[in-house]
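In: Need the 3D shape of this:
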Amino acid sequence: MARQGLPRSRRLRSRKDFVRVQRTGHRRTSRYFVALVSEPHAPTATGENRVGLTVSRKVGGAVARNRVKRRIRELWRARPSATPVRDVVIIARRGAAELSSAEAAASLSAVLEEAGR
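Out: The predicted structure follows:
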């Protein structure tokens, strides 16, 4: 069976990248998510947008936090890549764990569309 996850090349993994996006990125918010979007930059090796996730304990216990992260990764994986290459940090807010998959998709899509993704 083929893996359907989000490959490492499409994830922000280093603290340096997270800090760069948080300092220089544009902030877009909704009730359950915050998206920090960097300016377009030189393509990575794969030429794809990358995403980093932050889900604090305020969202819930380990099971709830991991569920939220899985949902966000799947929504990101399923979205078509935008033309300009950007890095995005998505921060889940309190209450994100109680959302259904459809509600989470709608809320996150609205934030990303507003950010101009």
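
In: Would you confirm that residue 96 contacts residue 56?
Out: No - using C-beta atoms under 8 Å, residue 96 is not in contact with residue 56, being 10.3 Å away. Bear in mind the C-beta positions are built from the backbone N, C-alpha and C, glycine included.

In: more crowded one of the two?
Out: residue 96 (27 against 11; other C-beta atoms under 10 Å).

In: how near is that one to residue 26?
Out: 21 Å (C-beta to C-beta, to the nearest Å).

In: Then residue 33?
Out: According to C-beta to C-beta, residue 33 and residue 26 sit 14 Å apart.

In: Show the contacting residues for residue 58.
Out: 93-94 (C-beta atoms under 8 Å, 6 or more residues apart in numbering).

In: SS state for it?
Out: coil (DSSP: H, G, I helix; E, B strand; the rest coil).

In: do the same with residue 88
Out: strand.

In: So for residue 33 and residue 26, which residue has more residues nearby?
Out: Under the criterion of other C-beta under 10 Å, the comparison of residue 33 against residue 26 puts residue 33 first, with 22 against 14.
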